[in-house]
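K.L.:
my questions are about this predicted structure, shown below with the sequence.
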Amino acid sequence: MLTKQMQEALNRQVQIEAQSSQVYLAMASWAEIQPGIDNVTAFFYRHSDEERMHMLKLIHFINERGGFAVVPSLEQPTLTYPSIKHAFKELLNHEVMVSESINNLVDIALQEKDYATHNFLQWYVAEQIEEESLARTLNDKLEMIGDEKSGLYLFDQDILNVSVEGESTNM
Ligand code: FEO
């Protein structure tokens, strides 16, 4: 059974994951109308779907542990970006924020000696390591490319090979 504090903290994470999905969906829609970055577009759409999966996983856990998962209202995300580089920088910053939030949940679980929730959260801890690492790699590549169009073409080809570890198998 979840404590009130743990339940509220997990519900805040439901909101963060839902908002993340919304942020990446907006990136995908913006990318889709830019020329020549079809694979980047697909990456953002896929990332948005993954965040929705992260949210659903939390909703099921909260309800299964005797709590009530609250479906949150969302903020309008940023709709346009000055460049692809800016979008990926935002993606990295966003993932760092999510990691901090997950770490905070782990802290609460430990304080409460709620080992079931602690165990559940380990999936998110591992996922955040993957996501932050991927975001850093992509930012580093964009930094090397600079503003060259040909580099961007290669980046778009390259991102085809990128997949977040366990993206559809760990639900
Ligand atoms: Fe679900 Fe990318 O954090």
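P.N.:
Here it is on my side, so go on.

K.L.:
would you mind naming what in the chain lies close to the ligand?
P.N.:
For the chain, the residues in contact with the ligand (CB under 6 Å from any ligand atom) are 17, 20, 51, 54, 95, 98, 131. No exception for glycine: its C-beta is placed from N, CA and C like everyone else's.

K.L.:
list the buried residues of the longest helix seen in the chain.
P.N.:
For the chain, the helix with the greatest residue count under DSSP state H is helix 115-145. Under the neighbour-count criterion of 16 or more other CB atoms under 10 Å, helix 115-145 has 117-118, 120-121, 123-124, 127-128, 131, 134-135, 138-139, 141-142, 145 buried.

K.L.:
please identify the buried residues of whichever helix or strand comes after it?
P.N.:
The first helix or strand that comes after helix 115-145 along the chain, using DSSP states H and E, is helix 149-158. Buried residues in helix 149-158, counting neighbours by 16+ other CB under 10 Å, are found at 152, 155-156.

K.L.:
in TSV: the residues you listed, plus pLDDT and distance to Gly67.
P.N.:
Listed next are these as TSV, based on pLDDT from 0 to 100; distance: CB to CB, whole Å:
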residue	pLDDT	distance to Gly67
Leu152	92	46
Phe155	95	43
Asp156	95	43
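
K.L.:
which one of those residues is nearest the ligand?
P.N.:
Phe155 (20.4 Å; CB to the nearest ligand atom).

K.L.:
in contact with that closest one, which residues?
P.N.:
Contacts here follow CB atoms under 8 Å, 6 or more residues apart in numbering; on that basis Phe155 touches 40, 84, 141-142, 145.
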